[in-house]
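Enquirer: give the three-dimensional model of this entry:
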Amino acid sequence: MRILIVTFYYPPDLSAGSFRVDAIVKALQSHPDLKIDVVSTRPNRYGSFFAEAPRRETNDRVEISRIPVRKHKSGMFDQPVTFLKFALGALREVRGKKYDLVFATSSRLMTAALGALIARRLGTKLYLDIRDIFSDTIREIAPRPIAILSAPFFAWIERWTVSQANTVALVSPGFAEYFRQRYPGRRLVFFTNGVDDDFIHSSAARPAQPSIRTVVYAGNIGEGQGLEVILPELAELTANEMVFRVIGDGGRKQALADELAKRGIKNVELVAPLKRDALVRAYAEADVLFLHLNSYAALEKVLPSKVFEYAATGKPIVAGVSGYSAEFIRSEVSNAEVFTPGVVRDALAALRKVGTAHTDRSAFVAKYRRSEISRKMADDILAVASGQEVRS
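Expert: Numbering: from 1, shown residues only. Okay, the predicted model is just below:
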């Protein structure tokens, strides 16, 4: 059996999508007599992060082709150019090849659409892994003129893409109603993100009740996170209590830096993206882990991968989220405080309320271990490829 995996991000690139597909590939590798082709890009997630990766690589029945693309700053105009180069390169890579199934993982829809196009051209089955509802999100995140003009186009792309799929895997159960209403009869399955082994038991001993608490945020710094609307004032109010370390990069990092400079904030440190081992150390040095999503209705359906990563460390968590994310954290993650996104006084209260001790979340880790979730997903992918999937 031969499977093609289409993913914009792949290790050693840093992104939730990269980590997710890496685990899926490893799970698929455990199946004998399976050949896997991966078509991705050379590392480009963050302009401030560099990792060397070969153009072509073969490893235990996995052949990886990385399309060279330019680095981007997650902007509205540079991302489409970068993706177009990837799409054209991917189409060249697969020309004339035969597969039993195309698997495409996508957050911003277009990689899913590319996977659908490839599957259609090659006359093979399609398994979509959807990590965000881009056609929904762009209506709120994009500038209004762009949203008005582009939303119908992306809605059409989404309908066409999903209509090609034999199975649609959703990363958040919060997406269920959206897809069931729009695509009745389409087979939907749910495989959340999960806990990677790197973060299990990663917390180190810290002095009890430190006078200045270290609050760490790690991840993308974009419109969806809205750090520039919450963090400057929050840091200003806690100048003598807390130090914030913001680890990552993204399209709104400069806006955050500008607002911090404008207010003369001294207790926020902006750190470039870190590799996994360094990030684990940063978590170990933290007193509290911080998460924030902007107050957009579209983001009420998501379940950030960062929730699993944070929870595995046993550290206290403060999260500015709503909708499904808030429900999940309240019901599944102990020693975690949820506050209303964008509301500084709620964030301040949550930071002062959350416990300081290490929390045993071994039950959570066992339930959401990424390797086990990926194993079940790999089994489902192979069932679809062989025509044995169960309708759902």
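
Enquirer: where along this structure do the strands fall?
Expert: For the chain, the strands defined by DSSP state E cover 2-7, 35-41, 56-59, 62-67, 101-106, 125-130, 167-170, 188-190, 213-218, 242-247, 268-271, 288-292, 317-320, 336-339.

Enquirer: quick one: the fifth one to strand 35-41, angle?
Expert: Yep, that's strand 101-106 we're talking about. Relative orientation of strand 101-106 and strand 35-41, computed by axes from the mean of the first three to the mean of the last three C-alpha atoms, to 10 degrees: 30 degrees.

Enquirer: packing partners of strand 101-106?
Expert: For strand 101-106, the packing partners by 3 or more C-beta pairs under 8 Å, 6 or more residues apart in numbering; DSSP states H and E come out as strand 2-7, helix 16-29, helix 110-122, strand 125-130, helix 370-385. Quick note: C-beta positions are derived from backbone N, CA and C, even for glycine.

Enquirer: run the last query once more with 10 Å
Expert: Packed against strand 101-106 by the contact rule (3 or more C-beta pairs under 10 Å, 6 or more residues apart in numbering; DSSP states H and E) you find strand 2-7, helix 16-29, strand 35-41, helix 110-122, strand 125-130, helix 144-164, strand 167-170, helix 370-385.

Enquirer: lowest average confidence across these, which one?
Expert: Sorting the helices and strands packed on strand 101-106 by mean pLDDT places helix 144-164 lowest, at a mean of 91.

Enquirer: quick one, that one and helix 110-122 angle?
Expert: Relative orientation of helix 144-164 versus helix 110-122 (the same axes, to 10 degrees): 40 degrees.

Enquirer: show me which residues of helix 144-164 are buried.
Expert: Across helix 144-164, burial judged by 16 or more other C-beta atoms under 10 Å covers Ser150, Ala151, Phe154, Ala155, Ile157, Glu158, Thr161, Val162, Gln164.

Enquirer: and of the helices and strands packed on strand 101-106, who's closest to Val354?
Expert: helix 16-29 (24.0 Å; C-beta to C-beta).

Enquirer: show me which of the buried residues of helix 144-164 is closest to Leu114.
Expert: Leu114 lies nearest to Thr161 out of the buried residues of helix 144-164, by C-beta to C-beta, at 9.0 Å.

Enquirer: return the residues in contact with the closest one.
Expert: Contacts for Thr161 were tallied using C-beta atoms under 10 Å, 6 or more residues apart in numbering; they are 104, 106, 109-117, 126, 128, 130, 135, 168.

Enquirer: list just the nearest of these to Arg369.
Expert: Nearest to Arg369, judged by C-beta to C-beta, of the contacts of Thr161 is Ile130 at 21.8 Å.

Enquirer: how close does that closest one sit to Glu327?
Expert: 20 Å (C-beta to C-beta, to the nearest Å).

Enquirer: so between these two, which is more surrounded?
Expert: Each of Ile130 and Glu327 has its neighbours counted (other C-beta atoms under 10 Å); Ile130 has more, 24 against 16.

Enquirer: how close does that one sit to Phe190?
Expert: For Ile130 relative to Phe190 (C-beta to C-beta), the value is 11 Å.

Enquirer: what's the angle from the lowest-mean-pLDDT helix or strand in the chain to helix 110-122?
Expert: Every helix and strand of the chain was ranked by mean pLDDT, DSSP states H and E. The lowest is helix 134-141, at a mean of 85. Between helix 134-141 and helix 110-122, the angle comes out at 150 degrees (the same axes, to 10 degrees).
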